[in-house]
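In: A structural model of the following input is requested.
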Amino acid sequence: MFRRWRNCLAREFIWIALYSRRVDDHASPYREAMTLAIAEAELATISGDLPIGALVLDESGVVIAKAGNRREATQDPTAHAEVLALRAAAQVRGDWQLDGCTLIVTLEPCPMCAGAAVLARVERIVFGAWNEEYGACGSHWDLPRDRRLNHRPEVISGVLAEECGNLVRDFMANIRTQGGK
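Out: Just a heads-up that it's a prediction; the model follows:
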């Protein structure tokens, strides 16, 4: 179940580093939504997946889709929480263009997920913890702000960053103690 993490255990996971680039958590209108994303992330661990949760809000702030990582559960390399949530939101709306929508995710999206969000035309991407190893919304790469792309969503970081970062840190510590099966 945890065999995929074996190769990662030798590295230190600095990729969840929390920088001073945070929003004021108490003033953030996305705290409640991030709490729901955290719940989705916690469900992902049941199948041995990395605890990342995502949801999509419509223009009025209503949750129209939510998902957790499902790569291990489905053996699908594209089954990241963000991609699954974007797919579900497109089905709900009956349109692949998610204009006016907000993607909420517990960990900074990777290049695939950031690219999917840009191509889906979301209005903003909101994430909790920074992903120093694979992050593509400002830490390692910055796809949403790439001027070569035809759509550039707003990026908001640091919403419940400590809680979101602890999910992954605790998960990886647990994998290490189990021997990284």
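
In: which parts of the chain are helices?
Out: Using DSSP state H, the helices found in the chain span residues 31-44, 71-74, 81-93, 111-119, 161-177.

In: against residue 67, how distant is the residue most central in space within the chain?
Out: Taking CA atoms, centre = their mean as the criterion, residue 105 is the residue nearest the geometric centre of the chain, at 3.5 Å. In this structure, residue 105 lies at 10 Å from residue 67, with CB to CB, to the nearest Å as the measure. All C-beta spots, glycine's among them, are computed from the backbone N, C-alpha and C.

In: out of the helices of the chain, nearest to residue 61?
Out: Taking CB to CB as the criterion, residue 61 comes closest to helix 31-44 out of the helices of the chain, the separation being 7.7 Å.

In: do you know how far residue 64 is from residue 120?
Out: Computed as CB to CB, the residue 64 to residue 120 distance reads 12 Å.

In: what sits in contact with each of the two?
Out: 89, 101 (CB atoms under 8 Å, 6 or more residues apart in numbering).

In: those two: who's more crowded?
Out: The residue with more neighbours, out of residue 64 and residue 120, is residue 120; 23 against 19, by other CB atoms under 10 Å.

In: that one contacts residue 98, correct?
Out: Yes - under the criterion of CB atoms under 8 Å, residue 120 lies in contact with residue 98, with a separation of 4.6 Å.

In: name the helices or strands packed onto the least confident helix or strand in the chain by mean pLDDT?
Out: Here the helix or strand of the chain ranked lowest by mean pLDDT, DSSP states H and E is helix 161-177, holding a mean of 92. Based on contacts counted as 3 or more CB pairs under 8 Å, 6 or more residues apart in numbering; DSSP states H and E, the elements that helix 161-177 packs against are helix 31-44, strand 102-107, strand 124-129.

In: which one is the residue nearest to the centre of the chain nearest to, not counting chain neighbours?
Out: residue 54 (4.2 Å; CB to CB, 6 or more residues apart in numbering).

In: ignoring the adjacent residues along the chain, who's closest to residue 77?
Out: Nearest in space to residue 77, with sequence neighbours left out and distances taken as CB to CB, 6+ apart, is residue 71 at 6.3 Å.

In: for residue 115, see how far away the one you found is.
Out: Separation of residue 71 from residue 115 (CB to CB) stands at 17 Å.

In: check what pLDDT the residue nearest to the centre of the chain gets.
Out: The model reports residue 105 with a pLDDT of 98.

In: for it, list the residues it contacts.
Out: Taking CB under 8 Å, 6+ apart as the criterion, residue 105 is in contact with 37, 52, 53, 54, 81, 82, 85, 113, 125, 126, 127, 128.

In: give me the neighbour count for the residue lying closest to residue 160 once chain neighbours are set aside.
Out: With CB to CB, 6+ apart as the measure, residue 34 is the residue that lies nearest to residue 160, at 4.6 Å, once sequence neighbours are left out. Using other CB under 10 Å, residue 34 is surrounded by 24 other residues.
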